[in-house]
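predicted structure and sequence below. I'll ask about it afterward.
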Amino acid sequence: MNHIKRIIFSALLLIIGFTVSFAQQVTQQQKTVTGTIKDATGEALIGASVIVKNQPGLGTISDVDGHFSIKANNYDVLVISYVGFEDKEIPIQGKNKLDNIILKEESNKIDEVVIVGGNKVQRKITQTGAITTISPERLKGIASGNMTNALAGNVPGIIAQQTSGEPGNNMSEFWIRGISTFGANASALVLVDGIERNFNELNVEDIESFSVLKDASATAIYGQRGANGVVLVNTKRGKAGKVRIDFKGEYGVLAHTKMPSYVDGVTYAQLMNEAKMSRFQDPTYSDEEIDILRYGLDPDLYPNVNWRDYVMHKTSPSYKATLNISGGGSTARYYISGSYYDEQGVYKTRDYNSYNTNVNYKRYNYRANVDVNITKSTVVELGIGGWLAMHNSPTTDSDKIWKSLSALVPLRVPIVYSNGLVPTYGTGDFLNPDAVINRVGYKERSESKMETNVSLKQDLNFITKGLTFTGRFAFDTYADQNLYRTKSPNLFHAEPQRDSNGDLVMRNVSSAKPLAQTSDNNGTRRFYTEASLNYERMFKENHRITGMLLYYQEEVSYTNNVGEDIKKGIPKRHMALSGRLTYGYQDRYLIEGNFGYTGSENFQKDHRFGWFPAVSLGWVVSEEPFIKKHWASWMDMFKIRASYGIVGNDQIGKDDEARFPFITSIGTVDGFAFGESGSNFIGGYGISVLGANRLTWEKAIKYDIGIDLSLWNGLFTLTADIYKDRREDIFLQRGNIPYTVGVEQMKPWANIGVMESKGVDGNFAVYKKVGDVDVTLRANMTYAINEVIDHDEAANVLPYKMTKGYRHKQCRGLIAEGLFANQEEIDNSPKQTFGTVLPGDIKYRDVNGDGIIDENDEVPLGYTETPNLTYGFGGSAVWKDWDINILFQGSGKSSFFLSGYSRPFSGGESGNVLTYVADQENRWTSHEISGTYDTERTDALFPRLTYGKNENNDRNSTHWLRDSRYLRLKTLEVGYTLPKTLSRKWFIEKARFYFLGNNLLVFSPFKWWDPENGSGDGVNYPITKTFTVGVQLSF
């Protein structure tokens, strides 16, 4: 492995050296042509691209004064292009100097291009599939080190949810057009530079293009991998011209958005007394003891500790720096970048430790892309990139830390006993939060990823005009290592009474263990080979034909920690043949056909390959003569498109749990015992896994109808789609096989599930110049719902108890009808079978009318925990040297149950109590305790308190169901660019200073914690808001 790495790095260094030495040279002796490029106001355009038409290897860019110099022949044509401006072609016609070349700003979006399946470029006007392409600049408005957090609200078609803010683990889970299957992986396929790769750790500054393929027409060529949609990310490559250097540095301050708020020790004791008296038990704390708590008179036996304040900082810092260098000439171009990211967590590290126990995530990214023109018709592209990451954290897992913070109430134990001993109330959830962070060691996780690829692009015009060949090879490696340094202190708990001398009576709960070390590691290796023929040609200026035929094969192997797992020792392999054929008449009537013929190892030989076709149609209404004649002044482009196709999914179960599901395995099973008291046991062998015969692909049958619209010279643009996705042959393990068959414990896999999802997505934008201000307004939304059509249901199940006919993972529970007002109402209501019921307890509806409230009355409620609706809206404005960008992002059609510690005292001794419970307006209290009937409100948020689990009240029901919709101010960015007359004095072409804020405000009907948290009790590392200042410098 090291030998391969040395070869790759040596080759890279040789190519970069070749680039620097020869980037400005041209292979032919030609005349030098100079010129100046400006905009309509006379301002020089810096970095405008200048190439010789039909010879992309011959090119340069304009300098700081708009000047350029290029070698060309007398009869060549120069193509001048600049972002945001229309391309311009200028014949040289023997001239040596071309003065004052004026570029016009783009007046419409017709000539935009998009990246389509196979990583190919297609004009947007001829695109017939459902594809979203967004500017990478839109993804830079998030200060997080994880790019997935920029997707929600920015990319139509994507529903995303972030449930943690922990450094290194703060990514968002996302789905293209929602969750469309329940039997396999529902995640999208992500391709970086055409190779399946993870883009979580990708440096956003390295991104050149970002596209989302949503319908079958766009994803069919990916066959069994394309059912859940595809994300295409391409990294930046060098452009001809002088060396360009860009630097970006940021410093951020992170704070939590909203966390659960808990009562202090005094309030807890008072509420605990009420909970016990409400159930006719004696109170635990006397008035004298509560005063001891209130005034801190005995912090050993009556502590009052705010554990979260003690172990957590209010804020934490982050740092980010990126440097990239690009340039080149007609022979070679290069793009080289490096970046550093450092994000600190909120845990406080104590002085008694010689090591850091705070959460910390550091990552170093690197990338080098080099293009070399071997001949006029041959280009070799080399890419190498990757990252190194280090994650430091306490040995205790994050979820256990937050469980401890939520479980240990303020009055159980002090921070440290007065005799110096370390306290704990017990084990598990009762552990001292400071101990589980600072006294049990730490964990170091290191990761490294290297991605390499080389491509050969060959023009085959000598065979037929418009034909090209592309060959690609990629080799990726990944490795991680976890190093655990663990120890345990002596932990003690003081008995409730002192001895005769007034000293604490200590009980040792856990004995000390010395520092020990363990480790584990994992690794993978990927080989990818691809070859494609591409064709594009226009016949008689009316008939445009394009085609693609692509073959690829891929192998992924585990390189570490394989052990005796035979499945892990066998490489995963895929192979496919894909194709596309398009025809367009006058760019007005469009038809496109795609297919994927792909193979998967997960199926038997006769079922290993699948055929996945798709077809799409497009009608560019704006190209009709009568439209162009009468409406061309305001209608730039109007296109209607539709698609239909079938795509596959071979991802069975999670990871490797169901690999090779057609194989029957033999293992140990129950045997028999004999002898005295069964002292001798003979084990048996039998079928442990029953192979699934004739298992085949999960099929996604997709329909899509969409429109693309551009009006008033690009002032208004709109894209909208309505779609339906029907999944058939979904993978499920048989769970309802009759016992007499004899295989009920083996649960074989089968293609027995059906689910449908449908929805709409789209976006619009308005571009307008108002005086000296350039204004952009934009909005997007995605709405996706699903319904289970067929599932492996048990026999004789009530219709509303079935999965069929409802959303996948829809919330289910009882229907609450308020709280019981008195015993008479309890006596006259259907019998509730969940223990003793008293006034103030939750009253439930008898759904099936049998006079009994039990599990048979549980029905589908609300929505799902995963949002069905995501949207975003905002805008940007540029005025002179100032710019501002704002984005609001929202989520809706989702719900969850309050659970765990959010239900007061449901854990007995374990579990803090929310401050909302302390407000008498929010809870039911007997008049015998409060002294007034006003506290017996049947519409209270919290029922009659119970100390410990209450079988009646602690059930999922509409009483605990909450709407988790929200709207957040996701991005607010304000920037100032120094005037060039000032920045150029320091040899800086551009200097911009900015403030960036993320998650600054959250609006939601649910106020108790951040509703995106995804937890029923808020027990997660909190989502963060960030305040960032930064600088961008270009040289």
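The structure has been received and is ready for your questions. Numbering: from 1, shown residues only.

end to end on stretch 152-164, go ahead and measure it.
Taking C-alpha to C-alpha, to the nearest Å, the first and last residues of stretch 152-164 lie 15 Å apart.

hang on, isn't residue 455 packed against residue 472?
Yes. Residue 455 sits in contact with residue 472 when judged by C-beta atoms under 8 Å, with a separation of 4.5 Å. Glycine gets a C-beta too; all of them are placed from N, C-alpha and C.

just the strands in the stretch 601-750 of the chain please.
609-620, 635-649, 665-674, 680-689, 698-711, 716-733, 749-770 (DSSP state E, counting those that start in this stretch).

spatially central residue in this structure, please.
Taking C-alpha atoms, centre = their mean, the centroid of the chain lies closest to residue 172, which sits 3.1 Å from it.

residues touching it, list them.
Applying C-beta atoms under 8 Å, 6 or more residues apart in numbering to residue 172 gives the contacts 146, 148-149, 151-152, 160-162.

quick one: residue 795 from residue 750, how far?
Taking C-beta to C-beta, to the nearest Å as the criterion, residue 795 is separated from residue 750 by 17 Å.

which one of the two has more residues nearby?
residue 750 (20 against 6; other C-beta atoms under 10 Å).

how about the contacts made by that one?
For residue 750, the contacting residues are 692, 695, 731-734, 792, taking C-beta under 8 Å, 6+ apart as the criterion.

one step back: comparing residue 455 and residue 472, which residue is more hemmed in?
In this view residue 455 and residue 472 are compared by other C-beta under 10 Å, and residue 472 has more residues nearby, 22 against 19.

the more buried one reaches residue 527, doesn't it?
No. The pair residue 472 and residue 527 fails to qualify as a contact (C-beta under 8 Å) at a distance of 11.7 Å.

how is this structure divided into domains?
For the chain, automatic domain parsing gives the domain ranges 27-102, 113-237.

residue 416 is nearest to which of those?
Ranking these by their distance to residue 416 (criterion: C-beta to C-beta) puts domain 113-237 first, at 26.9 Å.

what is the mean pLDDT for stretch 119-136?
Confidence over stretch 119-136 (mean pLDDT, whole number) is 87.

list the buried residues of it.
The neighbour-count criterion (16 or more other C-beta atoms under 10 Å) identifies 119-120, 122, 124-134, 136 as the buried residues of stretch 119-136.

what are the bridge partners for the nearest residue to residue 69 once chain neighbours are set aside, then?
Of all residues not flanking residue 69 in the chain, residue 34 sits nearest, at 4.9 Å (C-beta to C-beta, 6 or more residues apart in numbering). With DSSP bridges applied, the residues forming beta bridges to residue 34 are residue 69, residue 97.

surely residue 34 touches residue 71?
No. Under the criterion of C-beta under 8 Å, residue 34 lies out of contact with residue 71, with a separation of 10.6 Å.

so these two - more neighbours on which side?
Applying other C-beta under 10 Å to residue 34 and residue 71 shows that residue 71 carries more neighbours, namely 20 against 13.

quick one: low-confidence residue ranges for the stretch 701-850 of the chain.
Low-confidence segments of the stretch 701-850 of the chain, defined by pLDDT under 70: 739-740, 742-745.

need the phi and psi values for residue 568.
In terms of degrees, to the nearest 10, the main-chain angles of residue 568 are phi -70, psi -30.

was I right to think it contacts residue 560?
No. Between residue 568 and residue 560 there is no contact, the gap being 9.9 Å when judged by C-beta under 8 Å.

so for the lengthiest strand in the chain, mean pLDDT?
Under DSSP state E, the strand in the chain containing the largest number of residues is strand 513-539. In this model, strand 513-539 has an average pLDDT of 93.

check stretch 77-89 too.
If you average the pLDDT over stretch 77-89, you get 80.

and that stretch, how far out from the chain middle?
The gap between the average C-alpha position of stretch 77-89 and the chain average comes to 37 Å, counting by C-alpha atoms, centre = their mean, to the nearest Å.

so residue 367 touches residue 325, yeah?
No. With contact defined as C-beta under 8 Å, residue 367 and residue 325 do not form a contacting pair (11.0 Å).

can you list residues touching both of these two?
335-337.

tell me which residues touch residue 337, please.
If a contact means C-beta under 8 Å, 6+ apart, then residue 337 has 203, 205-206, 236, 322-325, 365-368 as its contacts.

same deal with residue 494?
Residues 300-301, 413, 417, 423, 504-507 are the ones in contact with residue 494 under the rule C-beta under 8 Å, 6+ apart.

in PyMOL, how would I select the buried members of these?
Remark: buried members of the contacts of residue 494, expressed as a PyMOL selection using 16+ other C-beta under 10 Å:
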select buried, resi 301+413+417+423+504
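
any chance of the contacts of residue 494 in a markdown table, plus secondary structure?
As requested, those are arranged in a markdown table below (DSSP: H, G, I helix; E, B strand; the rest coil):
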| residue | secondary structure |
| --- | --- |
| 300 | coil |
| 301 | coil |
| 413 | coil |
| 417 | coil |
| 423 | strand |
| 504 | coil |
| 505 | coil |
| 506 | strand |
| 507 | strand |
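
and of the contacts of residue 494, the nearest to residue 649?
Sorting these by distance to residue 649 puts residue 413 at the head of the list, at 51.4 Å, by C-beta to C-beta.

contacting residues for the closest one?
Neighbour list for residue 413: 303, 305, 423-425, 432, 493-494 [criterion: C-beta under 8 Å, 6+ apart].

state the distance from it to residue 452.
As for residue 413, its distance to residue 452 is 54 Å (criterion: C-beta to C-beta).

ok, now residue 720?
Counting by C-beta to C-beta, the gap from residue 720 to residue 452 is 40 Å.

so those two - more neighbours on which side?
Just comparing residue 720 and residue 452: by other C-beta under 10 Å the higher neighbour count belongs to residue 452, 21 against 16.

what strands flank the helix or strand harbouring that one, and is each parallel or antiparallel?
Residue 452 is part of strand 441-459, with elements assigned from DSSP states H and E. Take DSSP bridges as the rule and strand 441-459 pairs in its sheet with strand 378-394 (antiparallel), strand 467-488 (antiparallel).

surely residue 554 touches residue 476?
No. Taking C-beta under 8 Å as the contact criterion, residue 554 and residue 476 are not neighbours in contact, 10.4 Å apart.

residues in contact with whichever strand or helix holds residue 274?
Per DSSP H and E, residue 274 falls inside helix 265-278. In this structure, residues lying in contact with helix 265-278 by C-beta under 8 Å, 6+ apart are 263, 282-285, 289-290, 293-294, 302-305, 409-411, 838, 840, 904-905, 912-913, 915, 917-918, 925-926, 929, 944-947.

quickly run through the sheet partners of the strand or helix carrying residue 335, with directions.
Using DSSP H and E, residue 335 maps to strand 332-344. Using DSSP bridges, the neighbouring strands of strand 332-344 in the sheet come out as strand 315-328 (antiparallel), strand 360-375 (antiparallel).
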